[in-house]
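Just a sequence and a predicted model for now, questions to come.
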There are 2 protein chains.
Amino acid sequence: MWDIELKPQSETGLSVQIFRSFRNRMLSGRIQAGEALPSTRELARSLGVSRNTVTEAYERLVAEGYAVTSQGAPTRVADGLRTEPNREETEEEAQSKPADGLPDCAAEAAAPLKWDFKTGQPDLTRFPWKSWTRALREAQGTLSPAGFGYGDPQGYGPLRTEIAGWLLRSRGIEADPSDICITSGSTQALYLLAGILHKEGCPFALEDPSHPGIRTIMQLGGRPVQWMPVDDRGARVDTLEGKPLSAVYVTPSHQFPLGGILPASRRASLVRMAAEGGYYVIEDDYDSEFRYRGAPVSPLYEMDPSRVVYVGTFSKTMFPALRIGFALLPPSLKSRWVHRRTFLDVQSPLLEQAALTLFLRERLLDRHVRRMRRIYGTKRQTLLTALETAFGDSVRAQGEASGLHTAVRFPIGTDAEALEAACRKEGIGVYALTRYATVRAEADRNTLLLGYGHLEPEAIREGIEALGAVYAGIRAYHD
Amino acid sequence: MWDIELKPQSETGLSVQIFRSFRNRMLSGRIQAGEALPSTRELARSLGVSRNTVTEAYERLVAEGYAVTSQGAPTRVADGLRTEPNREETEEEAQSKPADGLPDCAAEAAAPLKWDFKTGQPDLTRFPWKSWTRALREAQGTLSPAGFGYGDPQGYGPLRTEIAGWLLRSRGIEADPSDICITSGSTQALYLLAGILHKEGCPFALEDPSHPGIRTIMQLGGRPVQWMPVDDRGARVDTLEGKPLSAVYVTPSHQFPLGGILPASRRASLVRMAAEGGYYVIEDDYDSEFRYRGAPVSPLYEMDPSRVVYVGTFSKTMFPALRIGFALLPPSLKSRWVHRRTFLDVQSPLLEQAALTLFLRERLLDRHVRRMRRIYGTKRQTLLTALETAFGDSVRAQGEASGLHTAVRFPIGTDAEALEAACRKEGIGVYALTRYATVRAEADRNTLLLGYGHLEPEAIREGIEALGAVYAGIRAYHD
């Protein structure tokens, strides 16, 4: 009756196999409470294993409470091992789909594309991997073992010092390293800020259009949102006058996705309204490093460091899988931040932080960014030329002086969503602006977003040529 | 009147210095709206710089909206640059302290300690750093640049496969890699689960005593908690019968901090209650790898993989600053998990995930854990011997068969918190059990927790001898 089937070749030891075999029978009710197990000697003989092996299995059954034993008496099945529920289906199981219909950025990739003009993708083939590998090796070799214990939730001290230097060199910001908090990319910074700054009943003000992922973060848990329309000079902050808010999120250096630069007068009113309303402004400076014409745009942060939270990321200047970003916080927010980060995931991994410290200290990022500014500038020019070749004067690129993408306005009447769908069938990934908008303004229906940072010039030319063919086909059909 | 002071040695370029100087005067109101700036020629001459330098500064002032210009007319200060608020102090500023009085684990370190018997600290000096550095180098060298873009929020595929293998070898769990989600340590796994599993008005059931950090995570946002008392066989799950709950959190293999093993009958009722109540059970298997006597304890997960979420971490077996843990999820929870992780911080960094993949594949972690089990076993024995030398029969170590710490019961009437305070003055870090408890049971007031994983045998002996002296002093005072 104890037909236990043992697999001598298994990675699992014999005694564990015996243990599991009994346990499974007990849980499924095939052996009942109080029933005696065979003696260790008897079972060892019938299975052809040593008695020690069986004894070990029995000891474990007893240790875990599956069986009970007492001096001289046989080992018996314990009470109360039933696991079956009293009813079959549960309400919880019915609710196991995502609670909301929010867009999922990561699920964007569908069919394979020949040319994907996705936004926000840096050129990873031109990153100086050798220097980075050297920095990693040096960091790993220099750190003491004790450093790899639990560390500072605000981030590795030397990296915060280097980021302060980088902010001064690249953005003219004079930051105190103790106000800098390292994060797992700017996503985590925004996630934390949304939680810290939320005031019951007060919406977050967001640009419309804006990044769908950021809209989702701010709205998690059902937090309300106040939309600001965007024109070619960025967010219409005047629409916020007198409104009670939790915080305002803006991309003042290069509005995402339309590319406008928030003018000084709008910046000044924003900072004044924030001070009057007792809320903070989140400045997402997601790609200010890549500007091809004119001087860099000043950060909003400089206007009022006590009122503006500056959020930066190394996902575009380094690479996304590094997962390092940071926030430059008004000191009034720091203790709440550290508390939340501690109980969210404690800290970021040490190694990347230490390697980035060296990379910044040796000015390798400065050099890489300078080089990429030229390369991205060339790609941008390739894109603009290709657009002109394919469409002549009929399309207009907007916000094209910086970043890794541009917004392209097609003739009025063009349905960009239909164009996007038609392109996808031909293996071309282009993105209708309305996908980034909540209020789908009539003026925006004819606009596509084209990311070019990650594409080679040849691919840009071919992709735009293919886009031109699809567009011509649609026009011919409608004419 | 335009006494702009230029610093030629500064890292900041001259044109940026001119730009900032004007901008600051505009924002502070020292130059008023409509006022004309000097001509570029005039200013260039007075400052002794090239005219191009001044032109660049003016262009930036115009580009950012600080100044306006029109054909032939001088450049003038733009309107609306006032930033001062209408009132001085804001309500928000008064609220800028942490919202709750919850304990902050990271802030625990106060005065430097000669011997710190902190719990949960692995021995970092004995980690095979050379092999790990090799794995990092190999991983970095093998991955393609494209891999360093945005990746899978569920974690690096090959690592999930290796973790499935590791779970089979170390815990006998047969896991499908597609049910494994990589996290930034178990902290993040618990943070995500608390958010996913929370049902309005239904408390999380937690062990009492338990880890203060985990209590805080579960209670974030004011979520209610139902406490389960703990005896020497783990959580008293019978106290949950019939209660509506969001989820139950348990440490069934080695209750933290008392060390009990949850017996099979309690496990069976827990799983049955969860199925009946439509909730999940979170199994935190935080240090099951280090067991010194008897066979490994079965994971609760095996009893009902559709109802139990298994949470593991590499913080103890590898090192904390690695920030890699994982959850083994019932498929019904996966889409909600991926959605939340995407908008929390997208993914964990790639490099550590890829290096850990190699480390597991080459069985280097298996070897390290086997070796550390011996080393920690020796340390544990050193601790027990030192306790006997210092206290004879009057103290009793509990739950000492596994983990990196033990709970030590002192004679009834000993005030462990007073002992902790007296020890701290002598540079000895010991921790009263009541610090880990919400309901401070009379029976627990005489118990200290002693972590020994990170201490050398010599330090353990000296520290316990010093503890003995402090204890004797307190007793003499009271006698």
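Thanks, I have it. Numbers count the residues shown, from 1 in each chain, chains lettered A, B, ... in the order given.

Show me how far the one helix or strand residue A:52 maps to is from its chain's centre.
Taking DSSP states H and E as the criterion, residue A:52 maps to helix A:51-63. Taking the mean of its C-alpha atoms, helix A:51-63 sits 48 Å from the chain's own mean (CA atoms, centre = their mean, to the nearest Å).

And the next helix or strand past that helix?
Next in sequence after helix A:51-63, counting helices and strands by DSSP H and E, comes strand A:67-68.

helices or strands up against the helix or strand following that next one?
On the C-terminal side of strand A:67-68, the nearest following helix or strand under DSSP H and E is strand A:76-77. Contacting strand A:76-77 under the criterion 3 or more CB pairs under 8 Å, 6 or more residues apart in numbering or on different chains; DSSP states H and E are the following elements: strand A:67-68. No exception for glycine: its C-beta is placed from N, CA and C like everyone else's.

quick revisit: ok, the helix holding residue A:52 near chain B or not?
Yes: using CB under 8 Å from any CB of the partner chain, a contact is recorded between helix A:51-63 and chain B, made by A:56, A:59-60, A:63.

pLDDT and distance to residue A:307 added to those residues, as a markdown table?
Conversion of these to a markdown table gives the following (pLDDT from 0 to 100; distance: CB to CB, whole Å):
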| residue | pLDDT | distance to residue A:307 |
| --- | --- | --- |
| A:56 | 88 | 67 |
| A:59 | 86 | 66 |
| A:60 | 85 | 62 |
| A:63 | 81 | 60 |
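
now, among the residues you listed, which is nearest to chain B?
Among those, residue A:60 lies closest to chain B (CB to the nearest CB), at 4.2 Å.

before we move on, the earlier item: alpha carbons only: can I get the helix holding residue A:52 in CSV?
The C-alpha atoms that make up helix A:51-63 are tabulated as CSV, following Å, rounded to 0.1, in the frame of the first residue of the first chain:
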residue,chain,number,x,y,z
ARG,A,51,16.9,3.3,7.6
ASN,A,52,18.5,6.7,8.2
THR,A,53,16.9,8.0,5.0
VAL,A,54,13.5,7.1,6.2
THR,A,55,14.2,8.4,9.7
GLU,A,56,15.2,11.7,8.3
ALA,A,57,11.9,11.9,6.3
TYR,A,58,9.9,11.1,9.4
GLU,A,59,11.7,13.6,11.5
ARG,A,60,10.9,16.3,9.0
LEU,A,61,7.2,15.2,9.0
VAL,A,62,7.2,15.5,12.8
ALA,A,63,9.2,18.8,12.8
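
Which residues does it contact?
With CB atoms under 8 Å, 6 or more residues apart in numbering or on different chains as the test, helix A:51-63 has contacts from A:14-16, A:18-19, A:22-23, A:37, A:40-41, A:43-44, A:47, A:67-69, A:75, B:261, B:294-295, B:297-298.

and what of stretch A:65-73?
Taking CB under 8 Å, 6+ apart as the criterion, the residues outside stretch A:65-73 that touch it are A:22-23, A:26, A:37, A:58, A:61-62, A:75-78, A:81, B:233, B:261-267.

Show me what the helix or strand that contains residue A:207 is packed against.
Using DSSP H and E, residue A:207 sits within strand A:204-208. In this structure, strand A:204-208 packs against helix A:212-219, strand A:225-231, strand A:247-250, with contacts taken as 3+ CB pairs under 8 Å, 6+ apart.

run the last query once more with 6 Å
For strand A:204-208, the helices and strands in contact under the criterion 3 or more CB pairs under 6 Å, 6 or more residues apart in numbering or on different chains; DSSP states H and E are strand A:225-231, strand A:247-250.

buried sites along the last one?
The one in question is strand A:247-250. Of the residues in strand A:247-250, those buried by neighbour count under the rule 16 or more other CB atoms under 10 Å in any protein chain shown are A:247-250.

what does stretch A:273-286 give?
Counting neighbours by 16+ other CB under 10 Å, one finds that the buried residues in stretch A:273-286 are A:273-275, A:277-286.

Over to stretch A:8-26?
For stretch A:8-26, burial by neighbour count (16+ other CB under 10 Å) applies to A:14-23, A:25-26.

That stretch: how far from the chain's middle?
Between the mean C-alpha position of stretch A:8-26 and that of its chain there is a distance of 42 Å (CA atoms, centre = their mean).

residues in contact with it?
Residues from elsewhere that reach stretch A:8-26, judged by CB atoms under 6 Å, 6 or more residues apart in numbering or on different chains: A:4, A:6, A:31, A:49, A:53, A:56-57, A:60-61, A:66, A:77, A:81.

Name the helix or strand for the residue of the stretch 351-479 of chain A found nearest chain B, please.
Closest residue of the stretch 351-479 of chain A to chain B, CB to the nearest CB: residue A:352 (5.6 Å). Applying DSSP H and E as the criterion places residue A:352 in helix A:350-361.

who touches that helix?
A:135-136, A:138-139, A:143, A:156, A:158-159, A:162, A:166, A:322, A:324, A:365, B:321, B:349.

swap the cut-off to 7 Å and go again
A:132, A:135-136, A:138-140, A:143, A:147-148, A:151, A:155-156, A:158-159, A:162, A:165-166, A:182, A:314, A:322, A:324, A:365, B:321, B:349, B:351-352 (CB atoms under 7 Å, 6 or more residues apart in numbering or on different chains).

One more: stretch A:447-461?
Among residues not part of stretch A:447-461, those counted as contacts by CB under 7 Å, 6+ apart are A:115, A:117-123, A:257, A:376, A:379-380, A:382-383, A:386, A:404-410, A:416, A:419-420, A:430-433.

out of the contacts of stretch A:65-73, which are buried?
Members of these that pass the buried threshold by neighbour count (16+ other CB under 10 Å) are listed as A:22-23, A:26, A:37, A:58, A:61-62, A:75-78, A:81, B:261-267.

mind checking the SS state of residue A:376?
Residue A:376 carries the three-state label helix when classified by DSSP: H, G, I helix; E, B strand; the rest coil.

pretty sure it contacts residue A:289?
No: counting by CB atoms under 7 Å, residue A:376 does not reach residue A:289; the two are 9.8 Å apart.

What are the structural domain limits within chain A?
Taking automatic domain parsing as the criterion, chain A consists of the domains A:14-77, A:106-121+A:371-478, A:127-362.

Quick check: which of these is buried the most?
Relative to the other members of the domains of chain A, domain A:127-362 carries the highest mean neighbour count by mean count of other CB atoms under 10 Å in any protein chain shown, namely a mean of 21.
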